[in-house]
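Participant: Quick one, structure for this:
(2 chains)
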Number of protein chains: 2
Amino acid sequence: MAIKIALLGLGTVGSGVLKIIKNNQKKIKQTSGEEIVIKKALVRNPAKHQNLANEVELTTSFDEILHDSEIKIVVELMGGLHPAKEYITAALKAGKNVVTANKDLMATFGSELISLAANQQCDLMYDASVAGGIPILRTLSTSYASDIISEIQGIINGTTNYILSQMSEKGLSYEAALKMAQQLGFAEADPTNDVTGKDAAYKIVILSKFAFGTKIGINDFTIEGINNLQDFDIRQASRMGYVIKLIGIAKNIAGKLFVEVAPCLLPENAIMAHIKNELNALQIKSQSLGTAIFTGPGAGSSATANSVMSDVIAETSNFVKQINGRPFSNFSRIMKLTSSEDVKYPYYLSFEAEETLFALSKLLSKLEIPIREIKRIDKKTVVVTEDISRRQLQDLAIQDSYLRANYKILQ
Amino acid sequence: MAIKIALLGLGTVGSGVLKIIKNNQKKIKQTSGEEIVIKKALVRNPAKHQNLANEVELTTSFDEILHDSEIKIVVELMGGLHPAKEYITAALKAGKNVVTANKDLMATFGSELISLAANQQCDLMYDASVAGGIPILRTLSTSYASDIISEIQGIINGTTNYILSQMSEKGLSYEAALKMAQQLGFAEADPTNDVTGKDAAYKIVILSKFAFGTKIGINDFTIEGINNLQDFDIRQASRMGYVIKLIGIAKNIAGKLFVEVAPCLLPENAIMAHIKNELNALQIKSQSLGTAIFTGPGAGSSATANSVMSDVIAETSNFVKQINGRPFSNFSRIMKLTSSEDVKYPYYLSFEAEETLFALSKLLSKLEIPIREIKRIDKKTVVVTEDISRRQLQDLAIQDSYLRANYKILQ
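Facilitator: Okay, the predicted model is just below:
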């Protein structure tokens, strides 16, 4: 008995899934316990996919998939919130298991869909929704099942990492690096979600649920992208022995959860500083394991398709044993979010140099901001602080209009 | 209903497991579906463990554990081949599930124990047997379930990586670095298994089974440790932009399997070159994911205990659903091993300089070994070749008694 599945969407990831199932059938049968067959694929325009028509039945009707009792797993690869949410809801209500790669959806409507799946005794897996080629969600739910995570730091957006790598290594401007990323297919025509940090924010929402058991929303934390980053600061950071990366962070600070997406400075000898171009990486600090780092491609057709297939195989294996319905992550805990007094980091601060060193020093001293280094370069002033609270930083930003940029310095 | 387990051995890993279960009970119950309780621990000398006597019942009799029908999972942490093999065999025959961290055992008697477990419908998991703190075996069996792996490169021995890092960064001799590793607890009093590469060889045997589905034995491939490595070669490699690491490699070369443990040169800008001191790392190349790297602590009480606990939780979760008995890895395929003509790498060769450059060049030319670089330094000669076969290398070693060391150069 082969397990029949349906794909919603047949774009780059969908055709990647098709290719994996076609080429690696023998291994898949061994590892999942069953042959897996794609019975139907939902597409908007069948004419566009005629080259695949002899491999899979194309349909424009979701109902046809919904009412096909042979189809046990529905794989949602359309993206976007609607109608993805409605389709997944209907599939779960019909008793079908679901795989999705949709991070926006899971970050926005995750809890609702997860509890529906549990009620329906169906699987809902979404390993591909975060860092496509790094099996991070499954790892968090299995290999960290008895470990207590204290911090997760991620380079979880390939587009921005590519742009920052090119700026840092080739001295390109932000605009030139973005253009190059677009030409090479590492950035979309409209890169807004990537460069503003929103894409990374969706991912850190999902990661926080797996790592800390705690549900947060995209509006619960600060999101800063790389679109205002100046090449001056990248050069200056480099001279001081740092690399700037866009980091999504979720950290347990004295029992409260700190979450943020922002450009940060990493010491140039850190492993995370060597994660370049379109690569993604996650650094996890935990009680038992100390520091572990997982790195690989963050996106791309075949990497994302592979994560989707891991989920399809896990659900197939559950189906064979008739044990669908266990949540992808069972960990649940309520944590308060940190307030701005709780969060302390050393900071890199960059000021317009119209301000005199005397005035600046006086203000920093008044706000009790301890200084590690202060430099005047190219008509600008750069300050590296010792640990200061975000509250102090906010006060500084209010009282000093010359402050142009501030970035956490991570260890 | 709590799940009762027994530990065989209460050394550093065993007491690590005790500590995790005690401290993280709440999370464990959520993620495994049940409370987990250590009912008994087998120890040689109960007097030595009196400090733990109120946390766990100590026994010197394995039979007491074997005949306790409440005990559903036996965790073997004694190490060594015997009586570990006999105890695990008896436990499986009694219908108990087993977790082990014993790489020597799994590399030597793995197939026998795995098929016994399958016949008995029991789980046998051993994620901790390779790279304690990196969940590599579980990742290979789940996240690579539909992917085709072409190569696995591992820094899988923390002792040797520590020694090499100290030699390379602080210019220490092998002896001084080993002594330092022993003082810091990164090397045992008798470091033979580590420095000769045997420990890494056991691990690559297990990794090959998971990555390629192919069973090999420890005598099927070349094992070279770091005990003959000279600081001259480390310095020289460094001057040429390389770092020397002890690498376990398993690679599909045109459908045949190449396996080896040996010191190798890595380009200094490679991520793997930045894995320092006691850290371990695994780099996996595959069809869908391209290159992924997993890094973390390779050993240590709490890291190994955490991997053991991941297995205990997975088996508990299976027990709750009554689905024990599925092999840890289902992937199985027969591959021939490569012959010395099949394997081609660029090599770093180091010669005693009694030999004239003329004689050496003549010989290299006769053996059709193409040269990328040749240098005479400190009365020695160093040659970097283009791709040559192991057959050519063997011929060279036979015909040139001045050849002192040869190391593959990896990309």
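Participant: Quick one: mean pLDDT for stretch A:267-287?
Facilitator: Confidence over stretch A:267-287 (mean pLDDT, whole number) is 95.
Participant: Ok, stretch A:155-170 next?
Facilitator: 96.
Participant: Can it be said to contact chain B?
Facilitator: No - Stretch A:155-170 is not in contact with chain B by C-beta under 8 Å from any C-beta of the partner chain; minimum separation 10.9 Å. (C-beta placed from N, C-alpha, C; glycine too.)
Participant: buried sites along that stretch?
Facilitator: A:155-168 (16 or more other C-beta atoms under 10 Å in any protein chain shown).
Participant: For stretch A:230-242, which residues meet the burial criterion?
Facilitator: Buried, per 16+ other C-beta under 10 Å, within stretch A:230-242: A:231-238, A:240, A:242.
Participant: Could you export those residues to a markdown table, including columns for secondary structure?
Facilitator: Formatted as a markdown table, the buried residues of stretch A:230-242 follow (DSSP: H, G, I helix; E, B strand; the rest coil):
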| residue | secondary structure |
| --- | --- |
| A:231 | helix |
| A:232 | helix |
| A:233 | helix |
| A:234 | helix |
| A:235 | helix |
| A:236 | helix |
| A:237 | helix |
| A:238 | helix |
| A:240 | coil |
| A:242 | strand |
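Participant: check these against chain B, which are close?
Facilitator: Within the buried residues of stretch A:230-242, nothing lies near chain B by C-beta under 8 Å from any C-beta.
Participant: does residue A:265 really touch residue A:237, like I thought?
Facilitator: Yes - at 5.3 Å, residue A:265 counts as touching residue A:237 under the criterion of C-beta atoms under 8 Å.
Participant: which residues are common contacts for the two?
Facilitator: A:243-244, A:348, A:407 (C-beta atoms under 8 Å, 6 or more residues apart in numbering or on different chains).
Participant: Quick check: which ranges of the stretch 251-400 of chain A have low pLDDT?
Facilitator: Flagging of the stretch 251-400 of chain A using pLDDT under 70 yields an empty set of residue ranges.
Participant: returning to what we had before: switch the buried residues of stretch A:230-242 over to CSV; also include pLDDT.
Facilitator: Converted to CSV, these look like this (pLDDT from 0 to 100):
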residue, pLDDT
A:231, 92
A:232, 94
A:233, 96
A:234, 96
A:235, 95
A:236, 95
A:237, 96
A:238, 96
A:240, 95
A:242, 97
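Participant: just those now: which is nearest residue A:269?
Facilitator: residue A:242 (10.1 Å; C-beta to C-beta).
Participant: any idea where the strands of the stretch 301-411 of chain A begin and end?
Facilitator: Assigned by DSSP state E, counting those that start in this stretch, the stretch 301-411 of chain A shows strands spanning A:344-352, A:371-377, A:380-389, A:403-409.
Participant: between the ones you listed, which gets nearest to residue A:1?
Facilitator: Proximity to residue A:1, assessed across those by C-beta to C-beta, is greatest for strand A:403-409 (53.8 Å).
Participant: What strand or helix carries the nearest residue to residue A:242 once chain neighbours are set aside?
Facilitator: Using C-beta to C-beta, 6 or more residues apart in numbering or on different chains and skipping the chain neighbours, the partner closest in space to residue A:242 is residue A:265 (4.0 Å). For residue A:265, the enclosing helix or strand under DSSP states H and E is strand A:256-267.
Participant: and that strand with strand A:403-409, angle?
Facilitator: Angle of strand A:256-267 versus strand A:403-409, following axes from the mean of the first three to the mean of the last three C-alpha atoms, to 10 degrees, is 100 degrees.
Participant: Going toward the C-terminus from strand A:256-267, what's the next helix or strand?
Facilitator: Next helix or strand after strand A:256-267 toward the C-terminus (DSSP H and E): strand A:279-286.
Participant: Next, the angle from that following strand to strand A:256-267.
Facilitator: 130 degrees.
Participant: Is any residue of the helix or strand following strand A:279-286 near chain B?
Facilitator: Going down the chain from strand A:279-286, the next helix or strand is strand A:290-297, by DSSP H and E. Yes - looking at strand A:290-297 against chain B by C-beta under 8 Å from any C-beta, the contacts come from A:290-297.
Participant: Same question for stretch A:245-261.
Facilitator: No - Stretch A:245-261 stays clear of chain B (C-beta under 8 Å from any C-beta), getting no nearer than 13.0 Å.
Participant: Counting neighbours, which bits of that stretch end up buried?
Facilitator: Buried positions in stretch A:245-261, judged by neighbour count with 16+ other C-beta under 10 Å: A:245-252, A:257-261.
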